[in-house]
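> Next one to model:
(one chain, ligands or ions: 2)
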Amino acid sequence: MPRVGELSGPLVGCFHWTLLSQDYRQDGMGTRDVTCHAGARCFVLAVTKEEDMDKDAIAVQGLRKTYPGGVEAVKGINFDVDAGEVFGLLGPNGAGKSTTIGMLTTTIVPTSGTARLSGFDVVTEPIAARAASSVVFQEQVLDRSLTGRRNLATHARLWGLAPGLASTRIEQTAGPFGLAELLDRPVAGYSGGERRRLEIARALLSQPRVLFLDEPTVGLDPRIRFELLDLIAGLRERGQMTIMLTTHYLDEAERLCDRVGIVHEGRIVALDTPPALLAGLGREIVEVRVRGNGPAGLARMRANGVAGTDAFSVGSTITIPVHDAPGSVVIAAVDTLGIAVDVISTRAPTLDDVYLRLTGTRLAVA
Ligand SMILES: Nc1ncnc2c1ncn2[C@@H]1O[C@H](COP(=O)(O)OP(=O)(O)O)[C@@H](O)[C@H]1O
Ligand SMILES: [Mg+2]
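Numbering: from 1, shown residues only. Ligands and ions are numbered 1, 2, ... in the order given. Below you'll find the predicted structure:
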C-alpha cells in the first residue's frame, strides 16, 4: 500500500492524497502532512492511516548502531513515546544519544532493530518518517551569512510550504521566540542563545508531530540556558506535539521530561518518570566520604542497621538513601560507629544518584 507518492495535476487544498488509498484519514493530522501548490506536481510526504493515529509517536525496538571501525555506539535499546509526551535521554558524552537521534531522524542507518515515527519505519519509509518530524541537531546548521528570516524562509521552501503560509508561520513564531527584532539581521551577529531559538523556531515551521532536540542547551551560559528551558517547557502547550530531547544535564531532564531514559555506554539502564526514578532513593540522601575503604565502611553501617540494602559505595563515598527518619538521625548514628569520616552531608536525591547507583560513575563528571 503506498504511503508516499507523487501526484500531478491541479491540487486543491490538501486532499488529493486520499486518492492513494481509502484507508487514509481525510482530516485531522493527516492533512497537514501534505504539501501542495495549486497546479504543481507534488509529493505526498506523509499520510497517516486511521489505525496509526493511536500508535506511539516513537516506537523503538532492539535498535543498534555499530559504526564502521567497530564502535558500538548503541547496543540494542527499546522504548516507546506516546503522542504529546516529552521524553528525554539522559547520559554523558559518548553514551550514544546523538547516534540514537541520528537513527530516528534517518541520517544514520541502524545496524539492526527497528524504529517507527508516527507508525513509519525510519529505514523502509524514511521520507514519511522524516516528514512527521523535525530535528534540532547538536551541531548548529544555520547559514550564518544569511538573516534569520532568510534561514527560516529557505527551510520553509525546502519543506514545500507556500510562501504566504511560510511568512505567516515565521511571523507567528518570531514573537514568542523573542526573534522579532532579530529576524532581519545576519545570523553571524546572533548570540548562542539567539541562534538556538532560531533553530528551534525553524524546526517548528513544518509543524512536526515529533520534535527532536539534541542537547538543546549545550554550550549556553546559565542564564540563557534557563531562558531556553522556559521556552522548551512552553512548547509542551503546543497541541499534541511529541518532544524527544537528549541532555547530559540532570536538571533539564528532571524539569522538562515526562519520562527519562538513562543512557550508559549505548544502553538504557533505567527508564521511568523522574519521580519514579528518584523514589527508590528515599526522601533524603546521606552522603559520607570515609577516610578508609568505602565498601568496608558500608558493610559496617549495614551490620549496625545504619544503612539499608539500597545504600551503595563508589570509591570512598557511601550514599545512604534515607526513607523514614530525618537525615540528621542517620548522621548521628554514623558518628557512633567510630568510622573515620572526612565529610558527611544530607541533600535531596537527584538523577545523578540514580545514575551513580546504576553505573558506578557520576553523570556530572562522567
Ligand atoms: N561517525 C562516527 N564514527 C565512529 N564512531 C562514532 C561516530 N559518531 C559517534 N561515534 C562514537 O559513538 C559513541 C556514541 O557517540 P554519540 O552518539 O555522539 O554520543 P552522545 O551524543 O551521547 O555524546 C562515541 O563513542 C562516539 O565516539
Ligand atoms: Mg551528542
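> near ligand 1, which residues of the stretch 51-200 of the chain show up?
Residues of the stretch 51-200 of the chain found near ligand 1, taking C-beta under 6 Å from any ligand atom as the criterion, are 67, 69, 71, 73, 91, 93-99. For every residue, glycine as well, the C-beta is placed using N, CA and C.
> What subset of those residues is buried?
Among those, the ones that count as buried by 16 or more other C-beta atoms under 10 Å are 73, 91, 95-99.
> Mark which of the residues you listed are part of strands, please.
Residues of these located in strands (DSSP state E): A73.
> ok, so of the buried ones among the residues of the stretch 51-200 of the chain next to ligand 1, who is nearest R347?
Of all these, G91 has the smallest distance to R347: 22.0 Å, by C-beta to C-beta.
> where exactly do the helices run in the stretch 51-200 of the chain?
Taking DSSP state H, counting those that start in this stretch to define them, one finds helices in the stretch 51-200 of the chain at 97-104, 126-131, 148-158, 163-174, 192-204.
> would a markdown table of those with mean pLDDT and distance to D342 be doable?
Rendered in a markdown table, the data for the helices of the stretch 51-200 of the chain read as follows (pLDDT from 0 to 100; distance: least, C-beta to C-beta, whole Å):
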| stretch | mean pLDDT | distance to D342 |
| --- | --- | --- |
| helix 97-104 | 98 | 34 |
| helix 126-131 | 95 | 53 |
| helix 148-158 | 96 | 52 |
| helix 163-174 | 94 | 53 |
| helix 192-204 | 94 | 39 |
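> Which parts of the chain belong to which domain?
In terms of domains, the chain is parsed into 5-51, 58-276, 282-348 (source: automatic domain parsing).
> how far out from the middle of the chain is the last one?
Taking C-alpha atoms, centre = their mean, to the nearest Å, one finds domain 282-348 lying 34 Å from the centre of the chain it belongs to.
> Quick one: mean pLDDT for that domain?
Taken as a whole, domain 282-348 carries a mean pLDDT of 93.
> Span of it from start to end?
9 Å (C-alpha to C-alpha, to the nearest Å).
> any idea which helix or strand carries A299?
With elements taken from DSSP states H and E, the one containing A299 is helix 294-303.
> try L229
For L229, the enclosing helix or strand under DSSP H and E is helix 222-235.
> Dump that helix to PDB, keeping only the CA atoms.
The C-alpha trace of helix 222-235 is given here as PDB (Å, rounded to 0.1, in the frame of the first residue of the first chain):
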ATOM      1  CA  PRO A 222      23.500  29.500  32.700                       C
ATOM      2  CA  ARG A 223      21.100  32.500  32.400                       C
ATOM      3  CA  ILE A 224      20.500  31.900  28.700                       C
ATOM      4  CA  ARG A 225      20.100  28.200  29.400                       C
ATOM      5  CA  PHE A 226      17.300  28.800  31.900                       C
ATOM      6  CA  GLU A 227      15.500  31.100  29.400                       C
ATOM      7  CA  LEU A 228      15.700  28.400  26.800                       C
ATOM      8  CA  LEU A 229      14.400  25.800  29.200                       C
ATOM      9  CA  ASP A 230      11.400  28.000  29.800                       C
ATOM     10  CA  LEU A 231      10.900  28.200  26.100                       C
ATOM     11  CA  ILE A 232      11.100  24.500  25.600                       C
ATOM     12  CA  ALA A 233       8.800  23.900  28.600                       C
ATOM     13  CA  GLY A 234       6.400  26.200  26.800                       C
ATOM     14  CA  LEU A 235       6.400  24.000  23.700                       C
END
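> Using TSV, please lay out the buried ones among the residues of the stretch 51-200 of the chain next to ligand 1 together with distance to A276.
Shown next, in TSV, are these (distance: C-beta to C-beta, whole Å):
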residue	distance to A276
A73	27
G91	18
A95	21
G96	23
K97	21
S98	26
T99	26
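> From the buried ones among the residues of the stretch 51-200 of the chain next to ligand 1, pick the one nearest T317.
Nearest to T317 out of those is G91 (C-beta to C-beta; 20.9 Å).
> Apart from its chain neighbours, what residue comes closest to that closest one?
Nearest in space to G91, with sequence neighbours left out and distances taken as C-beta to C-beta, 6 or more residues apart in numbering, is V263 at 3.3 Å.
> Same check on N293?
In this structure, N293 finds its nearest non-sequential neighbour in S316, 7.4 Å apart by C-beta to C-beta, 6+ apart.
> The one you found and L363, how far apart?
According to C-beta to C-beta, to the nearest Å, S316 stands 19 Å off from L363.
> ok, the two, which is more surrounded?
Taking S316 and L363 together and counting by other C-beta atoms under 10 Å, L363 has the greater number of neighbours (23 against 16).
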